[in-house]
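Q: heads up, no residue letters with this:
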């Protein structure tokens, strides 16, 4: 399993929407500029996230995209599954896996590996990703 640019950019876009859309819609044009990603490609990703119910599209001169729920209610897994599909390392561990499952010597390994992946991506929230980005950018000030 390898996460594509689409999955990475989807996470970046969702972070950008949180950081720049607290009281307004986030323009894909502006987001693409900030993220240094092709606007056309980012539009495709945003549309996919909207179709998956993670973003809301608003038309008009002040339109763009907003979140459909609070940042802490999204996980990295939610976002990646919309853009990447299954995050399982092999198809055997998905529902309706392999017909040789009962005799497979490696299925326990693959099942355990899959469980670790799923548990991790579902433990990291969009809030966590935003917080990490802000800490790395030095945007947190402590007194």
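A: Thanks, I have the structure now. Everything numeric here is computed off the predicted structure, so don't read it as measured data. Numbers count the residues shown, from 1 in each chain.
Q: Contacts for stretch 34-42 next, please.
A: 9, 12-13, 16, 20, 28-29, 31-32 (Cβ atoms under 8 Å, 6 or more residues apart in numbering). No exception for glycine: its C-beta is placed from N, CA and C like everyone else's.
Q: what's the closest of those residues to residue 55?
A: residue 13 (8.3 Å; Cβ to Cβ).
Q: Model confidence at the closest one, what's the number?
A: At residue 13, the pLDDT value in this model is 98.
Q: That one and residue 48, how far apart?
A: Applying Cβ to Cβ, to the nearest Å, the value for residue 13 to residue 48 is 10 Å.
Q: So which of those two has more stuff around it?
A: The neighbour count for residue 13 versus residue 48, taken as other Cβ atoms under 10 Å, is higher for residue 13 (26 against 15).
Q: you'd agree the more buried one is in a helix?
A: Yes. Under DSSP: H, G, I helix; E, B strand; the rest coil, residue 13 falls within a helix.
Q: Quick one: residues contacting it.
A: So residue 13 contacts 31, 35, 42, 45-46, 49 (Cβ under 8 Å, 6+ apart).
Q: Tabulate the residues you listed (TSV), appending distance to residue 126, secondary structure and pLDDT.
A: Supplementary listing: these in TSV, determined by distance: Cβ to Cβ, whole Å; DSSP: H, G, I helix; E, B strand; the rest coil; pLDDT from 0 to 100:
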residue	distance to residue 126	secondary structure	pLDDT
31	15	helix	96
35	15	helix	96
42	17	helix	97
45	15	helix	98
46	15	helix	97
49	12	helix	98
